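got a predicted structure plus its sequence, pasted below:
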Amino acid sequence: MSVLFCRDCGVDISGEPLFRRISFALEQGEKAALVGPNGAGKTTLIRACLGDVRLESGEVQILGSYGYLPQTPIVEDEGNVFQCVIQERADLLQMQEHLRELEETMALNPSEKVMEQYAALTESYESQGGYALEALVRRILAGLGLEAEMNSLVTTLSGGQKTRLALCKLLLRSPELLILDEPTNHLDIAALEWLEGYLRDYPGALLIVSHDRYFLDRTVSRVFCLENGGLKGYTGNYSEYELLKILENKTIGREAERLAYKIAKLEEYVRRNKAGVNSKQARGRESQLQKLKPIQVTKVDHGLSITLQSGGRSGDRVLLIENLSITYGTRTLFQNVQLDLRRGDRVALLGKNGVGKTSILKAILQQAPFAGNIRLGANVKVAYYSQEHENLGSSGTVIDEIRDVSRLKDPDIRSLLARFGFRNDEVFKLISVLSGGEKSRLALCKLFLEQGNLLLLDEPTNHLDAETRGVLEEALQDYDGTVLVVSHDRYFLDKIVYKIAELTTSGLSLYEGDYTGFKEYKQQEEAIVGPAERSAKPSYNDQQETRNMAREKKRMKQLELEIEELELTLLALESELALAGTNYELAMKLHAESESVKKRRDNVLEEWIAGNE
């Protein structure tokens, strides 16, 4: 049974159609993602389904209770955090109060009728989770990183904390349909992983808008892609969707080539024979031509071509931090932090929300008070990307922002901005009206102009769609400088970093490897080290053999996935080859590509076999 049904829906923005004839259904207990490039209309589609945006056509039905978390929820509750959340189950609180009244009545007049009422109400209260309500509230608050703020007033919370509070309230209400728009914003990795587990076990239906590929892989089993005004559904998680999309585009592209070739041959025959002895046959071919319609291959091109240049070689030692501590008022965020960055290092700085990750970056920039020593190496030039985009102006246009920080002439500025996705009149957009994704791209453009050989990146993938994240990952892989990055995007970290620096209140621990290797090590550590010994954790370097085994295991898994992908590609090529018919040029092209894929598959298979001997 469908809990959300959308049929032939269309929405206009400023009189122009954003999308038309959008149809999909979400079944009870189904967990789905809504993905697509920035500006495709994902949030607008959700708001149209909820009745907040006017539909130009179509209809929407929601059967059952639902809850919605927008990107920027408004929380205006009074009282403390715990009270704010538990009030979401006012029905259970009222039942609890009624039970107390009945208990007082029974104490004065223990009649059979009152006792029957009490027994029935107790059973209902227990079945709805009343006795476990406070424990559940504490579990959700702790899972989303608000345990320390449980008794704090809601009015004292930061914007990010209020977003997490709104999510807590929604999870406690547990509606039959949960719609979440970018729920991973403002969550650290620990909270992200807790939320993944919670949503996997969630009994209701889920519709999630997110660009976090790692998160979607672990929570959804269906993906709806909204782009170019249309929507299409795919079975599987995000990685499976990506693979299906690649194969689909390749197949459609080849079919379009085959049909275009056939149309061209028919047109040539008609042109040569329309007035000759074969005119009758030419009229027949012309009739065939009228029935054939070229396949339109949609190519999404945002004009993105991000590059990051170091602008000069630094010394071997790039950054040395000794005995660093930061204190605000009476609260010490952390102390005894040591870090020695060498040229070419790519390090992720991880830790719980509020532990001081951004503060370390600002201390390096001399923008935050600190105790200890911070020394930059020879010829080091720092370039900083801020997650809050405070280095962007609050007025003026996109092109003005680049004029202020460069000596480039306007034609060169427009050419540069086009590489970061700002084309034509978009360069004259006011910064104040830019979306989160557009501000991020503009900030990346300014980062390019700085040409630093030490990049300090604070949540660089926030607000970016999957395509832009991919382009940024490629740019950082080609970057020849040093990188220190704060990010909760685990897919991004696996692609970019070679070391993990875990920040706690008592210092910094450095681990070799990417995020997946770090996570596997932490899980092994939790399993091996007893609770009594956890206060004296073993050195990571003492676990070199364990890390190597984990890294090898991960490599074998990657090879298995690559073999599967290559096998699927071969099947698609063989299908296309069978359809090529007498189109020898296409058949030769397909055969050559098939042989290349087979060779790659055999090489990967040999490596996998060698690794398992």
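Received the coordinates, thanks.

hey, let's count contacts and neighbours off CA atoms from now on
Noted.

tell me where the stretch 251-400 of the chain has strands.
Secondary structure of the stretch 251-400 of the chain (DSSP state E, counting those that start in this stretch): strands at 317-328, 331-342, 346-350, 371-376, 382-385.

which parts of the helix or strand hosting R601 are buried?
Secondary-structure assignment from DSSP states H and E places R601 in helix 584-611. Buried residues in helix 584-611, counting neighbours by 16 or more other Cα atoms under 10 Å, are found at L586, A587, L590, H591, S594, V597, K598, R601, V604, L605, W608.

rewinding a little: need the winner for burial among the strands of the stretch 251-400 of the chain.
Of all these, strand 346-350 has the most neighbours on average by mean count of other Cα atoms under 10 Å, namely a mean of 24.

helices or strands up against that strand?
strand 482-486, strand 499-504 (3 or more Cα pairs under 8 Å, 6 or more residues apart in numbering; DSSP states H and E).

shaky segments in the stretch 101-250 of the chain?
Within the stretch 101-250 of the chain, no stretch has pLDDT under 70.

which residue packs closest to L102, ignoring adjacent ones?
Y118 (6.3 Å; Cα to Cα, 6 or more residues apart in numbering).

ok, the one you found touching E97?
No: using Cα atoms under 8 Å, Y118 makes no contact with E97, being 11.8 Å away.

what about those two, which has more around it?
Y118 (19 against 12; other Cα atoms under 10 Å).

in the host helix or strand of the more buried one, what counts as buried?
According to DSSP H and E, Y118 maps onto helix 112-127. By 16+ other Cα under 10 Å, the buried positions in helix 112-127 come out as M115, Y118, L121, T122, Y125.

what helices or strands is that helix leaning on?
Against helix 112-127 (3+ Cα pairs under 8 Å, 6+ apart) you get helix 90-108.

against which helices or strands is the helix it packs on packed?
Using 3+ Cα pairs under 8 Å, 6+ apart, helix 90-108 sits against helix 112-127.

beyond the helix it packs on, next helix or strand please.
Moving toward the C-terminus from helix 112-127, the next helix or strand (DSSP H and E) is helix 133-143.

could you measure from G372 over to I364?
11 Å (Cα to Cα, to the nearest Å).

quick one, what contacts P73?
By Cα atoms under 8 Å, 6 or more residues apart in numbering, P73 lies in contact with K162, T163, A166.

got TSV for the residues you listed, with secondary structure and neighbour count too?
Formatted as TSV, the contacts of P73 follow (DSSP: H, G, I helix; E, B strand; the rest coil; neighbours: other Cα atoms under 10 Å):
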residue	secondary structure	neighbour count
K162	helix	22
T163	helix	23
A166	helix	19
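
D212: which of these is nearest?
Taking Cα to Cα as the measure, D212 sits nearest to T163 out of the contacts of P73, at 17.1 Å.

not counting sequence-adjacent ones, nearest residue to that closest one?
Closest to T163 by Cα to Cα, 6+ apart is P73, at 6.0 Å.

distance of the one you found relative to T43?
Computed as Cα to Cα, the P73 to T43 distance reads 13 Å.

thought A383 was touching D458?
No: with contact defined as Cα under 8 Å, A383 does not reach D458; the gap is 11.2 Å.

tell me the residues that contact both of those two, please.
Listed as contacting both A383 and D458 by Cα under 8 Å, 6+ apart is no residue at all.

give me the number of residues near S394?
12.

with the one 4 residues further on instead?
Other residues near V398 number 24, with proximity taken as other Cα under 10 Å.

state the pLDDT value of it.
In this prediction, V398 carries a pLDDT score of 89.

quick one: contacts for it?
When contacts are counted by Cα under 8 Å, 6+ apart, V398 touches E426, V427, F428, K429, L430, I431, L442.

of the strands of the stretch 251-400 of the chain, which is nearest L108?
strand 331-342 (52.6 Å).

elements contacting that closest one?
strand 317-328, strand 507-512.

partners of it in the sheet?
strand 317-328 (antiparallel) (DSSP bridges).

so for the partner strand, mean pLDDT?
92.

swap in stretch 519-538?
Mean predicted confidence for stretch 519-538 is 65.

tell me which two of the buried residues of helix 584-611 sit farthest apart.
Within those, L586 and W608 form the most distant pair, 32.7 Å apart (Cα to Cα).

from V485, how far out is the closest residue to L503 other than its chain neighbours?
For L503, ignoring the flanking residues on the chain, the nearest one in space by Cα to Cα, 6+ apart is G351 at 5.0 Å. Distance of G351 to V485, computed by Cα to Cα: 12 Å.

how about Y515?
12 Å.

most tightly packed of the helices and strands packed on strand 346-350?
Note that of these, strand 482-486 is the most buried (mean count of other Cα under 10 Å), with a mean of 24.

now the angle from that one to strand 346-350?
Relative orientation of strand 482-486 versus strand 346-350 (axes from the mean of the first three to the mean of the last three Cα atoms, to 10 degrees): 20 degrees.

report the buried residues of the next helix or strand after strand 482-486.
Downstream of strand 482-486, the next assigned helix or strand under DSSP H and E is helix 490-496. Across helix 490-496, burial judged by 16+ other Cα under 10 Å covers R490, Y491, F492, L493, I496.
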